[in-house]
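1. here is a sequence with its predicted model. Questions after.
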There are 2 protein chains.
Amino acid sequence: MSELQWKSALYHLRSQIVSGELIGGTKLRASHLSETMGISRTPISEALIKLEAEGLLIKDKSGYTVRSFALNDVFDAIDLRGLLEGAAVQRAAQIGISDTALTDLETLLADIDSVIESGSVADYDQLNIALHKQLTSLCESEILIAEVNRSYRFPFASPSAFPTRNSDNKRFLASLYVGQAQHRQLVSAIANREGSRAFAIAVEHARLAHANVHAAVSARESSPQLALVNAAP
Amino acid sequence: MSELQWKSALYHLRSQIVSGELIGGTKLRASHLSETMGISRTPISEALIKLEAEGLLIKDKSGYTVRSFALNDVFDAIDLRGLLEGAAVQRAAQIGISDTALTDLETLLADIDSVIESGSVADYDQLNIALHKQLTSLCESEILIAEVNRSYRFPFASPSAFPTRNSDNKRFLASLYVGQAQHRQLVSAIANREGSRAFAIAVEHARLAHANVHAAVSARESSPQLALVNAAP
DNA sequence: ATCATTTTATTTGCATGCAAAATAATCAAT
DNA sequence: ATTGATTATTTTGCATGCAAATAAAATGAT
């Protein structure tokens, strides 16, 4: 497992940014990072270029700066994900899916049911992501799939954002049930070739995350997914 | 005008790819490009990384390859643009726009009318892009605006694709009139705060490009925008 | 103190050298 | 001829040196 230098720099910097360790507005200097990380500037620069393309860094005439996110950016990113996932499932419904694909989806639904009962949030996360990926893949558009996945690049916009924490919280538990009900509606809509229904459900499903963000903010929970978001003005 | 080396490499390579001079599947070697372009490998590598992030190149374990586009990728990219522009104008309609913004839009509409009459396709292109940018900007979501602009990165998906050529062609002239009618409908929907109408018109407006692609393909026109698309299977 | 100007220190953009990896070429054996 | 092993060539990934650009510090003027 050759651990390329630029990759480890990329992963390290990205995790520092999304964890909030590097707050918005921080200037990142290749020469300085090179010293602290003990690797040369060339692979650091590569990592910085890629992080800029991901939208986590902004480049001005001299140097990179960690991007600041306001709360409305969070909502916009969530809505963007809903829009793109919606387009994907709408197309999936229109073209129809195979029996085996439907069986796979139903297996995933059942698995998610059991992890909700068992309360294992880590497993829920993983299965939830798997279901979303599976649903998206059914649209048979490489370009659309790539854009849906790209919309997950900000941690607060990923489908697995917020539900993962505070599993003993009632409101959170309710949102799990609602979300899972929407998953079932989504699969049903696709199976029945109801494209616009599938679209609407996916958009609304993403909107669940709005409520979770609001809850996290008003409870002043230090949610890891919100670490890279600036204090509200 | 400081002409950075990596920028000129980026522009040069990008234009070679979108013009079809470099066809899909071609392998791009930094060392070789360095010699032919007379600049060192470092800025070449930067350009290649950025082109990969743009989706024009694919990187396998060793080296970059020019991406191949099939015809269905073209339609998918056009639909993606329609979806994102649609989301932007829907939001614009929902939040409402200022009087001055509406005046600006109407000025652009009138300008487009006159260039259609005068038949200057280059001017049409520029004004059409300007109108689309203006419309998109009204959604007041930095994140959405960025994604709409990103959806223009493949030349065949940009709003100014196909209409620019064969201005003496009847079918093409008709599509200009239809497109401009849709522009007016779009502005009217936004002014009237009719969000879902605006969305639907934007999606349909992008679909005009489908017909232009079909026409270009069946006429075997060597359309510059289709240069990077592979021969149909 | 505030601001402008010069000086000093960093930092970036680019070139290039080099080892490790990958590709291409050569040859051997079936 | 095809396959496999060996060698030669190219290419990448990384390190690093250097000039030009940028930021920071120091100095001086009001």
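-> Yes, it's here.

2. ok, the residue most central in space within chain A to A:F75 distance?
-> Using C-alpha atoms, centre = their mean, the residue of chain A that lies closest to the mean C-alpha position is A:S158, 1.2 Å off. When C-beta to C-beta, to the nearest Å is the yardstick, A:S158 and A:F75 sit 14 Å from each other. C-beta here means a position set from N, CA and C on the backbone, and glycine is covered the same way.

3. again with A:S98
-> Taking C-beta to C-beta as the measure, A:S98 falls 36 Å from A:F75.

4. quick one: name the residues of chain A near chain B.
-> Among all residues of chain A, those adjacent to chain B (criterion: C-beta under 8 Å from any C-beta of the partner chain) are A:42, A:45-46, A:49-50, A:53, A:55, A:72-73, A:76-77, A:79-80, A:83-84, A:87, A:141-144, A:146-147.

5. can you select the buried ones from those residues in PyMOL?
-> Under the burial definition 16 or more other C-beta atoms under 10 Å in any protein chain shown, those of the residues of chain A next to chain B that qualify are selected in PyMOL by:
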select buried, chain A and resi 45+46+49+50+55+73+76+77+79+80+83+84+87+141+143+144+147
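
6. how does chain A divide up, domain by domain?
-> As recorded under automatic domain parsing, the domains making up chain A are A:5-66, A:71-226.

7. please name whichever of the ones you listed is nearest to B:K133.
-> Distances from B:K133 to each of the domains of chain A were compared using C-beta to C-beta; the shortest belongs to domain A:71-226, at 18.2 Å.

8. quick one: the closest one to chain centroid distance?
-> 9 Å (C-alpha atoms, centre = their mean, to the nearest Å).

9. so how many other residues sit close to the residue lying closest to A:L56 once chain neighbours are set aside?
-> Excluding the flanking residues, the one nearest A:L56 by C-beta to C-beta, 6 or more residues apart in numbering or on different chains is A:I17, at 5.2 Å. A:I17 is flanked by 23 other residues according to other C-beta atoms under 10 Å in any protein chain shown.

10. list the contacts of A:I17.
-> A:L51, A:L56, A:L57, A:V66, A:L228 (C-beta atoms under 8 Å, 6 or more residues apart in numbering or on different chains).

11. got a markdown table for these, with distance to DNA strand D too?
-> Below are the contacts of A:I17 laid out as a markdown table (distance: C-beta to the nearest atom of the strand, whole Å):
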| residue | distance to DNA strand D |
| --- | --- |
| A:L51 | 15 |
| A:L56 | 19 |
| A:L57 | 15 |
| A:V66 | 15 |
| A:L228 | 23 |
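
12. top of these by neighbour count?
-> If you count neighbours using other C-beta under 10 Å, the busiest of the contacts of A:I17 is A:L228, which has 25 neighbours.

13. now that one. Its backbone dihedrals?
-> According to degrees, to the nearest 10, the main-chain angles of A:L228 amount to phi -90, psi 10.

14. worst average pLDDT in the domains of chain A?
-> For the domains of chain A, the stretch scoring lowest in mean pLDDT is domain A:71-226; its value is a mean of 91.

15. for that one, how far is the first residue from the last?
-> Using C-alpha to C-alpha, to the nearest Å, the span of domain A:71-226 from its first residue to its last is 9 Å.

16. can you list contacts of whichever strand or helix holds A:N212?
-> Using DSSP states H and E, the element containing A:N212 is helix A:195-218. Outside of helix A:195-218, the residues within contact range by C-beta under 8 Å, 6+ apart are A:71, A:74-75, A:78-79, A:81-83, A:85-94, A:156-157, A:159, A:161-163, A:171-172, A:175, A:178-179, A:182-183, A:185-186, A:189-190, A:221, A:223, A:225-226, A:232.
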